[in-house]
Each structure stands twice: as structure tokens, then as C-alpha cells.
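Trainee: can you look at this prediction? I've put the sequence above it.
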Amino acid sequence: MQDSLTNNHSRFMGMQITPLARRRIDSFRAHRIGYWSMWAFLVLFGISLFSEFIANDKPLLIRYDNNFYYPIIQSYPETEFGGIFEAEADYKDPYVEELIQQNGWIIWTLIRYDHQTVAWNLPSPAPSSPDLEHWLGTDDQARDVVARLLYGFRISVLFGFTLTVISAIIGVAAGAVQGFFGGWLDLLFQRFIEVWSGLPTLYLLIILASVVEPNFWWLLGLLLLFSWMGFVGVVRAEFLRARNFDYVRAARALGAKNSRIIFQHVLPNAMVATMTFMPFTLAGSVTVLTSLDFLGIGLPPGSASLGELLAQGKANLQAPWLGLTGFFVILVMLSLLMFIGDAVRAAFDPRKTEQ
Amino acid sequence: MNSKPENAALLEVRNLSVSFRTVVETSDAVKNVSFDISPGETLAIVGESGSGKTVTALSIMQLLPYPNSYHPSGSILYEDQELLGASQELLQDYRGDRIGMIFQEPQTSLNPLHTISKQISETLIIHRGMSKSDAADRSLELLELVRIRNARERMNSYPHQLSGGQRQRVMIAMAIANEPGLLIADEPTTALDVTIQAEILSLLRDLQQQLGMSMLLISHDLNIVRKLADRICVMRHGEFVETGTRDRVFGSPQHAYTRMLLDAEPSGRSEQPSAAAPVIIDSESVRVWFPVRRGVLRRTVGHIKAVDDVSVTVREGETVGVVGESGSGKSSLALALLRLISSRGSIRFEGEEIQGRKSKDLRELRRGMQIVFQDPYGSLSPRMTVSEIIAEGLRVHERHMTNSEREQRVIEVMNEVELDANTRHRYPHEFSGGQRQRISIARAIILKPKFIVLDEPTSALDRSVQSQIIELLRRLQKNHSLAYMFISHDLAVVRAMSNSVIVLREGLVIEQGSTDQIYDNPQDPYTQALISAAVDLELSSDQVSWVAE
């Protein structure tokens, strides 16, 4: 008997899921563009997470004197390979390379530059056009564009994810409290949000940039102050609606506490709206960071970023590979996110998957 | 009128099938259905929910969501014109002009942004090419024809200013504006109160005779069908199981399903509890008043009195029925007794005053009083398994219980409400309406309460399921000496369940007494009107004035 019971459960990635979730996953899969966009995005993001092992000015592996060396993970002084300086070995230096080659061998990364490496041996003055050494050319400070793209893509997506997840948590909590308890609390909070959302974010960022040197966390914090409000409206509305559902009433009649009603009965419904929103918020967060970098009030100078690449393209119109690369990468990334968002929305559409 | 020759039929439907296509599957809603309607005749299609009767009606107008739905076979001839697959232009010509239709839900069938005279005029201007002023004159005539009082003043009202019954009259006026040959009435009175239902039905019958229309009546209610139809088709699972004249179908039903439908009328009586039975719940002048606030300072200028000075006593093993039309305060009373909405007046549960108790102190008492709601879809969380839903009360009140003990209790309760305990790990959407209502009942009784409020527990169910649920409730009451408060607008069900009855109207108790006394010898004219409308579907002329719209 026990067997026939467990058969009714669906599993997804080893977890037990409700039939509702099963239908949603199926419906997401049925949305072909969105489904493949998700895989494409995950692969790209997965690759970019390992940027250090793909684009680096240090070799992946060195064999020297019958010993293995891992320069990316650990730093070694030049003297280790029979050099003169006590400082970390500069593997791009032909002298160092020769020293190692005499007594062993080197495996290089795919791209022998990281996002800050300056290429000295360019055939033409920077920015140089694409060639075999630099697949997408170099920027105006002679840095490899492919390397900068990889690192820039990674930081954009990570920034977007962090911002989206934290704002969702704050926004859902705020919306839940307002919608569930209603009354004066709701009224005051709503007025506060109206005033708060009227503050000009851009000017605050410019002021911030003149006071401190903005970095990843400063930007995240400041944008977070405003981005959580996007979630409040939908969640609050869902809570206001669900308060009067019969099954919430029934739970109340059973004597369930507010906390149980919120987490067990109402929140799962409100999460649908939040999940639908999320891919679009993610795309929005990425765009915000890109535009701040473009304006020069984003990440600190020298960091790889898509916005900075666009700004360079604008400053160097004679080097169209800069602007075009930036444009196409952003185009592809945002399109993938939009397609994913579309598929998520279809999957959560109650007309398709409920009942 | 009943036996016209075949070739004189106004509408001929032959081998009509309808299928729906979804991403995952194709389902057949209607299978090879054939029928005729002669001029002036009323044909009724009766069936329970999901039998395909509305889909059949909508295919005549070709109003189904094409191309997700399609017709594998069939032909629909209206005055020898094929409508199935006809061009949009031709269909638009027929819709609203030669075939009129009225829907169940008068709330959503009218555009809230236009006055009713504008909405009636629209169809006249489109199909008759009338000028605006002519159309306005004609719509006044029509409003008078559908017996809207003070039609001239009402002309420029917006739908929200009208009552449900008036809106349905406006819908009828729109449907008959062009004097169609055929009127399709899809559950025309289901959303209305009984007294208004009686009036709308007599209006439809009079209009049909006056205008010589044919009528296709779609209904689940055999009483209405008996009142109006000449011939009846009984539909089940997309097929006609029986077709015949009214007298034949009601007099000597051939098919077992028809007989089952006819026998499903609620019957029997509840057992009388002993007079010495302890009082479970006792309330004195309960009031639920919602303040009406105006102005900048939000001063209270008046109150909407949802429940006004109602006193109820329910004893162990007793059922108190509460009847009334929509908006009469039935549900508010119930929610107030359970302290789910705030109220005034004294409420004692087993002698203990519960009014004014903090919700924390109330929680322990909640295990003794439970509620079952009307909507079997809305009252169960779609994200929890049946076993989780039923066990929720145990999780709240019996925290020390182990999982296996809880499981054991769930199985016991499911057996008690005649659900297969093996299905306990499934989700609510896999169950039918009647089964879901059993789940709600199981959730209510697992804590072994003393008092259960049944808020229209059978109103959303088909008749045949209704009687089973009533049987179940009676059995549970007997086994556990439960005290019930049974709320319903359906007087037949209340009669079958209750020992005593309270008649509510606009928050006030109109009449209160034993069931037999109320039903056999009602004192108040409103109660009299209510009962005659429910039992005979008819109101006498002086009662009509009672149903002030």
C-alpha cells in the first residue's frame, strides 16, 4: 500500500514536488525559446564563473624541476624558478618563461590575459583591432576585450542576482506585513513608499560617487534602498486577496496562528507573483549597473564591466569592435533573460496550470 | 405545440460533437448530439455540471473559443442555414438578431461603463439600423416589456445601480430586442434569489408566448425545467441519455440516470434532540454593524447592519437552519458566532462567554467549534495534500502527536466521511466537488468539535451529490451528537436538515421557530413569499410587491 501512495508524488531534481509545481515545470519546458534560453544563460554564466581559469596572465599549470606549480591558486616568487627577484614571478616576461621551459613545461590558459593585463607587444597602437592573439581586439588601454567581457559579464550577473534576491526578500516581507495586517500599518507604509519612491536615485548615486569611491557593495546597498519597492505592490495585493480566501478562514477557525497562516497558506500564493517578476527585475538590475558604469559613477575605475566597454566604444568610434561587442553582449544577455522571464510567466499563468 | 413535423424545425442540430484541445490532451465535451426545436417550442437541456450543456448552447452561436475547440462532426441548421463553420459576417448577422442569448451571471454580462439604455440600443442600431432616438424609444418599450418598474427613470442607470434581478431583466431585454426566433437561456436564474427567480421565470414564459419565440433552456434545476419546458433532453458526460416530452420524462423516466436525478431531491427529516440536551452555543442580540464613514475626519455617519439583534440557541444534536436571500446576513451571523469577524452582544459557548476574549485565549476553544464553507474549490489550499489539509487542526492543537498517530487519525476521519484513505497523499484538484466537500468536513470533525457551522455546504454541488452530503452530515450528527448551524438559501435542503429555522432579511430576524411551523404555517408575509417561490416557483400578485427590487 505504501508504494502506491508514494507513486503519486512527482520528483524534480530529487525533491518531492506538488503536482502544481510539476505542471509548472512542464509548462516551462514547453516554452521552447525560454527553456533553451535558460540553458544558454546558465552555460554562459557557468563559464564566466571560471573566468580566472580561462582568461589569465598566469599559466594554469607549470612543471618545473619535477614539481607541479599552480600559479593561479598560489603565488610563487621568481626565485622559485631560478630568477633574480623576490617578487611574484611575471610569467609574461620572456625571461621567466625561458627559465621554466629549460627545466620543465607550461600549460597556459585559453586567453593569456586577464581583465587588467596590459598587452605591450601590440602590432598597432591601442585600441588594436581583432587578430589571432586578441580575438575581439584590445581597448584603449591595451587590455584584451574577450577577457574584460568574461569578467564584466560575471560581475553584472552576480550584481543583478544579489540585488534581485535581497530586494525580493525585503519587498516580500514588507508587502506581506502590509497586506496581511492592513489598517493603519498598511496606510502608513504605503504613504512612506510613495515618498520614498519619489527620491531621485541617480542624484544620490552621483553624490555618493563624490563622497566615497563606490564599489560593488556600496552600489548594491544604495540601489537596494529603492529596488525593494518593486515587489511590495504585487505581494501586498496577493495578501489582501488571500486574507479572505475560504481556506485561510478555515485555518483561522481551526485556531491557527498568524505565523502559520502567513507561511503555510498565503505566502506560497504571493510567491507566484514574485517569481514571475524576478527575471525581469534581474534584467533591470543588470541594465542599471551597466548604465551607471557607462556614466562613470559605477564600479571603481579599472574594473571590467559592460558599461565601461560601451563608454570606450563611444569614446573610440574609430574602433567599432569595442562598441559592437558591448552592444551584442548586452543584447544577447538581456534577450535571454527576457525569454526566460516569458517562459516563467507562462509557467505561472493560472489559466494554463491551475485546475 | 409539442409534436411539430420534423421539417418545420426552426433549429436542427445533427450529430454535433465538440472537442477541446489543450497542450497536453484533447477532451470530448459533447458527443454526437442531435435535437430539433420547433417554432414556439421550449426545449430544455438538463444535466449536472460538466455534462456539456453550456458547450452545446454556445456552439449554436459559434461562441466557443476557436480554434482551441473544434467540431469533429455535426451540423447546426437554423432556418436551413448552416451555422457550423459559417463566416463571421453571417454569424454576426444571426447573433443578437435571430438568436438571442442570456447568460447566468448578470454581474459580468453588462458593460459597467454604459447606461442600460445605451446597451440595449446598441443591438438595435447594429441590426435594425435604427437612429439613436428611435432606438432609445424602443429600449424604453423593451424595459417596460420586461417589467422594470419606473422604466423611464431607470433608462439612464448604470448596471451597478441595479439589483441582480433587474440586471437579468435588462439582459433579457437586450436578448429579445430584435425579436429573435430563438432565445437561448443558459441557467438564467441560477445566480438569483428564489423570489426573484420565480418572477424571472414567469417573465420568460410570458415573453415567449407574446413574441412566439422558441426557447432553448439550459439548466441543472429540474424544478425550473418542469415549469417551462415542453420537451426535455437529459445530458450526461456529453451525451443525451434521454429525450422526451416533459410529462413523459417526469412521469415515466426511462433511463436510470434520469430516475436518479429525480430522486435526488432532498428528503427526510432530522431527528429531534431531547429537550434536556445541553446548550452548546447561545447568543444574545448579536450585532454585526459596519460603520459608514464620511468626510475628511472619517466620522461615522451611520451603520450597515449586516446582523441586527439576533439571538440563537443551539443544543447538542440539534440543527438550526438559517435561511435568507443573498445579503441577508446569514454568513455574517455565522462568522460572528465563531468570532471570525467582530460583533457585539453576548456569545456563550458551553456556558463560557467568548465575546471579548483575546484571540490567544480563544484558540483553545476553537477546537470545539468549526466551519464548513460553500465553495469546495476555494476552501482547500491547492498546495497541500489532503492529508495535510485534514491534519492541520491536529498540528495546531495536538502538538505532541507523532506523525504516525496523526496519520492514523487522518485515516480514521477519512473513512468516517467515506473517502478512500489511500488517496490522502493526493492534492485537492484531483477530487470532485462532492469529494472536496467531504475533505472540508473531515478537516472540521478531526478535532471532535461540539458545534459546526455549515455555510451553504451543498449549494455548489449537483443535486445527486447534495443528497449524499446531507446523508453524511446527518450520520455524523447522530454519531457525535453535533450541534449544527445550517445556512442555506435553498429551502428544501434546510427543511431536510433542520429542527428549527431562522428566517433572516436584511440582518433582521423575520421569523424564528420549529421547522414544521415555519414551513407549514408561516406567519410573516415575507416567509410566505419565500416559501411559495421556492416550492412552486410562483408568487401571487400581492407577494410580488413584497419582493421590492
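Mentor: Now that the structure is in, tell me what you want to look at. Numbers count the residues shown, from 1 in each chain, chains lettered A, B, ... in the order given.
Trainee: SS state for the residue sitting furthest away from the middle of chain B?
Mentor: No residue in chain B sits farther from the centre than residue B:400, which is 42.2 Å out by Cα atoms, centre = their mean. Each residue gets one of three states, and residue B:400 gets coil by DSSP: H, G, I helix; E, B strand; the rest coil.
Trainee: where's it relative to residue B:394, distance?
Mentor: For residue B:400, the distance to residue B:394 equals 10 Å [Cβ to Cβ, to the nearest Å]. (C-beta placed from N, C-alpha, C; glycine too.)
Trainee: go on, residue A:223?
Mentor: Relative to residue B:394, and taking Cβ to Cβ, residue A:223 is found at 46 Å.
Trainee: just residue A:203 next, same as before
Mentor: Distance, residue A:203 to residue B:394, by Cβ to Cβ: 57 Å.
Trainee: among the two, which residue is more densely surrounded?
Mentor: Ranked by neighbour count (other Cβ atoms under 10 Å in any protein chain shown), residue A:203 and residue B:394 place residue B:394 first, with 20 against 9.
Trainee: helix, strand or coil: sort out that one for me.
Mentor: Under three-state DSSP, residue B:394 comes out as helix.
Trainee: so it touches residue B:446, yeah?
Mentor: Yes. Taking Cβ atoms under 8 Å as the definition, residue B:394 is a contact partner of residue B:446 at 6.3 Å.
Trainee: what touches both of the two?
Mentor: Counting by Cβ atoms under 8 Å, 6 or more residues apart in numbering or on different chains, the residues touching both residue B:394 and residue B:446 are residue B:409.
Trainee: stretch B:43-63: which residues count as buried?
Mentor: Residues of stretch B:43-63 classed as buried by neighbour count (16 or more other Cβ atoms under 10 Å in any protein chain shown): B:43-48, B:51-62.
Trainee: what's stretch B:527-538 in contact with?
Mentor: B:194-195, B:197-198, B:201-202, B:223-224, B:227, B:323, B:325, B:490-492, B:503, B:510-511, B:518-519, B:522, B:539-540, B:543, B:546-547.
Trainee: which of those are buried?
Mentor: Buried by 16+ other Cβ under 10 Å: B:194-195, B:197-198, B:201-202, B:223-224, B:227, B:323, B:325, B:490-492, B:503, B:510-511, B:518-519, B:522, B:539, B:543, B:546-547, out of the contacts of stretch B:527-538.
Trainee: mind checking what secondary structure the closest residue in space to residue B:128 that isn't next to it in sequence has?
Mentor: Setting aside the residues directly before and after it, residue B:128 is nearest to residue B:178 in space (Cβ to Cβ, 6 or more residues apart in numbering or on different chains), at 6.5 Å. Classification of residue B:178 by three-state DSSP places it in coil.
Trainee: narrow the buried ones among the contacts of stretch B:527-538 to those in strands?
Mentor: B:323, B:503, B:510, B:511 (DSSP state E).
Trainee: any idea how far chain A is from the third one?
Mentor: This means residue B:510. 27 Å (Cβ to the nearest Cβ, to the nearest Å).
Trainee: next up, the contacts around that residue.
Mentor: Each residue near residue B:510 by Cβ under 8 Å, 6+ apart is listed here: B:503, B:504, B:524, B:526, B:527.
Trainee: and the furthest pair within the residues you listed?
Mentor: Among the contacts of residue B:510, the pair separated by the greatest distance (Cβ to Cβ) is B:504 and B:524, at 11.6 Å.
Trainee: and those two? Which one has more around it.
Mentor: Neighbour count, other Cβ under 10 Å: between residue B:504 and residue B:524, residue B:504 has more, with 24 against 15.
Trainee: skipping adjacent residues, who's closest to the more buried one in space?
Mentor: residue B:324 (3.6 Å).
Trainee: phi first, then psi, for that neighbour.
Mentor: Backbone geometry at residue B:324, expressed as degrees, to the nearest 10, gives phi 170, psi 160.
Trainee: so what pLDDT did it get?
Mentor: Residue B:324 is assigned 86 on the pLDDT scale.
Trainee: ok, it - contacts?
Mentor: For residue B:324, the contacting residues are B:330, B:489, B:503, B:504, B:505, by Cβ under 8 Å, 6+ apart.
Trainee: the last one contacts residue B:323, correct?
Mentor: Translated: residue B:505. No. Look at residue B:505 against residue B:323 with Cβ under 8 Å: they stay out of range, at 9.7 Å.
Trainee: which SS state does residue 86 fall under?
Mentor: Just going to use chain A. Under three-state DSSP, the three-state class of residue A:86 is coil.
Trainee: my bad, chain B
Mentor: For residue B:86, the assignment made with three-state DSSP gives coil.
Trainee: in helices only, show me the buried ones among the contacts of stretch B:527-538.
Mentor: Taking DSSP state H as the definition of helices, those contribute B:194-195, B:197-198, B:201-202, B:223-224, B:227, B:491-492, B:518-519, B:543.
Trainee: farthest pair in those residues?
Mentor: It's B:202 and B:518 that sit farthest apart of these, by Cβ to Cβ, at 24.8 Å.
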